[in-house]
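S.K.: Requesting a structural model of the entry that follows:
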Amino acid sequence: MELLNKNLWMTEDDNIVTIGLTPELQDEAGDISYANIASLGNIDVDDTVINVEASKAAIEIPSPIQGKVIERNEKAEDTPSLLNSSDTANNWVVKIQK
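M.R.: Reported below is the predicted structural model:
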């Protein structure tokens, strides 16, 4: 796992990049109560990958890479508290094909 910045982590496998939220973002924002994740399809650098509303802040997080969103964590969008988890199986946001 690679930390992209204080907000996002990334893993890459066969040109598929999984992006998720770091514990630092979770600490800074507080408990996440709302998430709006990027739609499937093309995404450019700096396009919004996720909007979150949390107990301490509302944050719009830009995509660090360009590609095609091929999978979204719809469970986390339906149950945003999953993004508060330290478990990467729960706090991932999107999978992007480079």
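S.K.: make it CA atoms for all contacts and neighbour counts henceforth
M.R.: Will do.
S.K.: end-to-end on stretch 85-98?
M.R.: By C-alpha to C-alpha, to the nearest Å, the extent of stretch 85-98 from end to end equals 26 Å.
S.K.: Please tell me how far it is from the chain's geometric centre.
M.R.: With C-alpha atoms, centre = their mean, to the nearest Å as the basis, the distance from the averaged C-alpha position of stretch 85-98 to the chain average is 6 Å.
S.K.: Can you give the contact residues for the longest helix seen in the chain?
M.R.: Ranked by residue count under DSSP state H, the longest helix found in the chain is helix 23-29. Outside helix 23-29, the residues within contact range by C-alpha atoms under 8 Å, 6 or more residues apart in numbering are 6-8, 32, 53-59, 83-84, 86.
S.K.: And it, what's buried?
M.R.: By neighbour count on 16 or more other C-alpha atoms under 10 Å, the buried set for helix 23-29 is Pro23, Gln26, Ala29.
S.K.: Leu21: neighbour count?
M.R.: When neighbours are counted by other C-alpha atoms under 10 Å, Leu21 registers 25.
S.K.: again, but for Asp14
M.R.: Look at Asp14: counted by other C-alpha under 10 Å, it has 7 neighbours.
S.K.: show me the contacts for the closest residue to Gln97 other than its chain neighbours.
M.R.: Across the structure, with C-alpha to C-alpha, 6 or more residues apart in numbering as the measure, the residue nearest Gln97 apart from its sequence neighbours is Ile16 (4.5 Å). Ile16 makes contact with Lys95, Ile96, Gln97, Lys98, according to C-alpha under 8 Å, 6+ apart.
S.K.: Name the member of those residues with the most neighbours.
M.R.: If you count neighbours using other C-alpha under 10 Å, the busiest of the contacts of Ile16 is Ile96, which has 24 neighbours.
S.K.: which residues does that one bridge with?
M.R.: Beta-bridge partners recorded for Ile96 (DSSP bridges): Val17, Val69.
S.K.: That one: what's it in contact with?
M.R.: Residues in contact with Ile96, defined by C-alpha under 8 Å, 6+ apart, are Ile16, Val17, Thr18, Ile19, Gly67, Lys68, Val69, Ile70, Glu71.
S.K.: what's the nearest residue to the fourth one if we skip its chain neighbours?
M.R.: It refers to Ile19. Closest residue to Ile19 apart from its sequence neighbours, by C-alpha to C-alpha, 6+ apart: Met10 at 4.6 Å.
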